[in-house]
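**Q** what's the 3D shape of this:
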Amino acid sequence: MMKKRIKFKKVVAILLCVLSCVCCFACNKRKNEVELNRDFKNVILVIGDGMGENHILNAIDYFDLDLPIFLADQKGYIDTNSLDGLTDSAAGGTALATGVSVYNGNIAQLDGVDLKQITTYAQEANMKTGVITTDSLGGATPSAFSAHAYARSSIVEIINTQVDSGINILIGEEDSNYSNRATWFPAQGYAFARSKEQLVDKKSSEKLMGSIRNVGSQYIPGKEDSYQLKDMAKFAIEYLENDYGFFLMIEGAYIDKYSHNNEYHNAMSEVRSLIDTIEFLYEYASDGETAIFITADHETGGLIRESDKTKMSNELYTTGGHTDVNVPLFVKNYAFDITNFGYLIGEVPKNTIVFEACKSIIYKTNA
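**A** Next comes the predicted model:
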């Protein structure tokens, strides 16, 4: 009788072991299928905050640049209006991040209900995720991709939901709201860095947050040695690269801030820094494994087109606020077609189409 019990226990143990192996195989198979079923391993979304078409074209002439290659990838324009009409960065960022039009001030939330972001969809597809910006991480656009709040001013709520986001890397400019919590973030699973040197030192961390001193455009006097957006992008990509791919949002934030103040030289300098970043991204994506989207959350300043450098000045701005000018959309590698998302040829799609396109890559739908 005792021998029969021992034999029975062995059979059960073997069956459990086999069952466990089958489950692991099935899980790994499903995990692999997510990647294999995508046409692109990585997705990168570049946002020039406040950047209209004239910002790009004027900056090219202002700095006597050769025409950037990404101009050939323009797929049209997108409508940036929010549920309030003229959008702010919170609603504009939220539309790009969630595919839902909301009211101004909302951070990935509508009527008190959290909206699912593209970063979450990417995580569900086993992709790593990142958000980097020249603004504070508490700024409207980075928050829209990484946090949830009724109001963009609710910084504590934004920070608390950011650390719950699971996003692998978050980098922005120095902000006391973050640096004052430097000892708190590690307990929430994030290594915390205050400088680009500390970022490198903590690169092996599973999750990394940076609130970095001296971020800015090298084309602005006094900022020649600042941490460049292109270098931030390089670091983030190296950090995120893995077998299952990544989603990365990159924001050039100060185009908007300088345009609000009608500071032409500084705004053009920030556009050039963004162009430098895009040129690096295009080189990185030359193997065809990465889809890149480039757009803006809205236009700021009502900037007039001017190709003659001698006529360029702060006077080219017609307002210090946002406008409802449609902003351009550029797409590399991905076969973007508005008719796949319910629009007719010739229509100007809502900015939510950017989210839909990114999601379609992650889950290979409507492509």
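**Q** where in this structure is pLDDT low?
**A** 1-36, 365-367 (pLDDT under 70).
**Q** In the sheet, which residues pair with the most centrally placed residue in it? Tell me.
**A** For the chain, the residue nearest the mean C-alpha position is residue 249 (1.4 Å; CA atoms, centre = their mean). Beta-bridge pairing of residue 249 under DSSP bridges involves residue 45, residue 131.
**Q** how far away is it from residue 283?
**A** As judged by CB to CB, to the nearest Å, residue 249 and residue 283 stand 19 Å apart. For every residue, glycine as well, the C-beta is placed using N, CA and C.
**Q** Helices of the stretch 251-367 of the chain, start to end?
**A** With helices called from DSSP state H, counting those that start in this stretch, the stretch 251-367 of the chain shows them at 254-260, 264-284, 352-363.
**Q** out of these, which comes closest to residue 319?
**A** Closest to residue 319 of those, according to CB to CB: helix 254-260, at 9.3 Å.
**Q** sec struct for residue 129, please.
**A** Per DSSP: H, G, I helix; E, B strand; the rest coil, the local secondary structure of residue 129 is strand.
**Q** Just give me the neighbour total for it.
**A** Applying other CB atoms under 10 Å, we find 25 residues neighbouring residue 129.
**Q** From here on, call the first residue 575.
**A** Yes, from this point I'll number from 575; that puts the last item at residue 703.
**Q** Identify the residues contacting it.
**A** Residues counted as contacts of residue 703 (CB atoms under 8 Å, 6 or more residues apart in numbering) are 693, 696-697, 740-743, 814, 820-822.
**Q** could you redo the last one with a cut-off of 6 Å?
**A** Applying CB atoms under 6 Å, 6 or more residues apart in numbering, we find residue 703 in contact with 693, 696-697, 741-742, 821.
**Q** Just the ones in strands from those residues, please.
**A** Secondary structure defined by DSSP state E assigns residue 821 of the contacts of residue 703 to strands.
**Q** ok but residue 771 is inside a helix, no?
**A** Yes: with three-state DSSP as the criterion, residue 771 is part of a helix.
**Q** Tell me how far it lies from residue 787.
**A** Taken as CB to CB, the span from residue 771 to residue 787 is 10 Å.
**Q** Which one of these two is surrounded by more residues?
**A** residue 787 (14 against 10).
**Q** Would you confirm that residue 629 contacts residue 844?
**A** No: assessed by CB atoms under 6 Å, residue 629 is found out of contact with residue 844, at 8.9 Å.
**Q** one step back: so what's the residue nearest to the centre of the chain up against?
**A** Neighbours of residue 823 in contact, by CB under 6 Å, 6+ apart: 619, 705, 719.
**Q** mind redoing it with 10 Å?
**A** When contacts are counted by CB atoms under 10 Å, 6 or more residues apart in numbering, residue 823 touches 617-621, 667, 670-671, 691-693, 703-707, 715-716, 718-720, 741, 810, 867, 932.
**Q** Skipping adjacent residues, who's closest to residue 692 in space?
**A** The shortest distance from residue 692 to any non-neighbouring residue, by CB to CB, 6 or more residues apart in numbering, is to residue 932 (5.1 Å).
**Q** residues in contact with the one you found?
**A** By CB under 10 Å, 6+ apart, the contact list for residue 932 reads 614, 617-619, 670-671, 673, 692-693, 695-696, 821, 823, 865, 867, 908.
**Q** and with 7 Å instead?
**A** 617, 619, 692, 867 (CB atoms under 7 Å, 6 or more residues apart in numbering).
**Q** Return the member of those nearest to residue 755.
**A** Distances from residue 755 to the contacts of residue 932, taken as CB to CB, are shortest for residue 692 (26.0 Å).
**Q** and that closest one, what does it touch?
**A** 671, 821, 929, 932-933.
**Q** Swap in 8 Å and give it another go.
**A** Contacts of residue 692 by CB under 8 Å, 6+ apart are 619, 671-673, 719, 821, 929, 932-933, 936.
**Q** Pick the one among these closest to residue 804.
**A** Among the contacts of residue 692, residue 619 lies closest to residue 804 (CB to CB), at 16.1 Å.
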